[in-house]
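Engineer: Have a look at this prediction, sequence included:
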Amino acid sequence: MKTKRLLAILTLSLTLGFSIPSYAQEKYIDNNCQQNQSLKEDDRFTVFYQSNFQSKGQSYWFYAGRYLDGGVIFCLSQPGFKKPRTLNELKPIQFNFIDKVAKDTRNKTAFIVVTREGNGSRVPMNEYRLNFANVNKPTLTKLRTWKSQD
């Protein structure tokens with residue numbers, strides 16, 4: 001019954017041009033990177049970035065969740081949130097303000113992460129390359145620093 005009702009809502013929404021709220025599709029994780037859709041708002045991080053990659057023949061998920069205050073937790077797991085772990089060794093970016101996370105187009109096991117050291121204008125910004133060539137010891141390299149233009 002729920003499936004038919006959801007299909008009817010989706011059909012009506014698309015027909016009439018309504019958008020479906022994004023929160024219906026959001027994933028929540030706890031501070032140990034485990035997915036849990038029933039967490040209270042002040043106990044959860046909302047996943048805003050997730051990407052698959054392979055390292056040494058194994059598949060992994062790299063994902064990031066944002067807390068209410070804007071701080072971000074970075075996580076690594078096997079697909080399906082299996083064996084998740086926080087990337088505590090990434091102190092310069094873990095629980096920081098993050099402006100951007102993207103795959104590094106030049107390296108299939110690396111990501112580009114841009115941090116913001118606070119809110120407001122003219123705050124320091126840092127761009128890092130996060131490399132998972134060895135998933136047990138990811139490397140973080142600072143590429144450049146500048147001041148925000150806000």
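Structural biologist: It's in. All values reported here derive from a predicted model rather than from experimental measurement.
Engineer: and residue 135, what does it touch?
Structural biologist: 55-56, 58, 60, 76 (CB atoms under 8 Å, 6 or more residues apart in numbering). C-beta coordinates here come from the backbone N, C-alpha and C atoms, glycine included.
Engineer: Counting neighbours, what do you get for residue 113?
Structural biologist: Counted with other CB atoms under 10 Å, residues neighbouring residue 113 total 25.
Engineer: would you turn the contacts of residue 135 into CSV with neighbour count and pLDDT?
Structural biologist: Listed next are the contacts of residue 135 as CSV, based on neighbours: other CB atoms under 10 Å; pLDDT from 0 to 100:
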residue, neighbour count, pLDDT
55, 16, 95
56, 10, 93
58, 10, 96
60, 19, 98
76, 20, 98
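Engineer: Of the residues you listed, just say which sits nearest to residue 104.
Structural biologist: Closest approach to residue 104 among those (CB to CB): residue 55, at 13.2 Å.
Engineer: right, and the closest one touches residue 132 too?
Structural biologist: Yes. With contacts defined as CB atoms under 8 Å, residue 55 counts as touching residue 132 at a distance of 5.2 Å.
Engineer: Need the overlap of contacts for those two.
Structural biologist: Between them, residue 55 and residue 132 have residue 109 as joint contacts when contacts are counted by CB under 8 Å, 6+ apart.
Engineer: Tell me the strands beside the longest strand along the chain, with direction?
Structural biologist: Counting residues, the longest strand in the chain under DSSP state E turns out to be strand 45-55. Sheet pairing of strand 45-55 (DSSP bridges) gives strand 28-29 (antiparallel), strand 58-66 (antiparallel).
Engineer: mind listing what's buried in the longest one?
Structural biologist: Neighbour counts over strand 58-66 (16 or more other CB atoms under 10 Å) mark 60-66 as buried.
Engineer: so which of those would you say is closest to residue 93?
Structural biologist: Distances from the buried residues of strand 58-66 to residue 93 were compared by CB to CB; the smallest belongs to residue 64, at 9.3 Å.
Engineer: Nice, that's everything, thank you.
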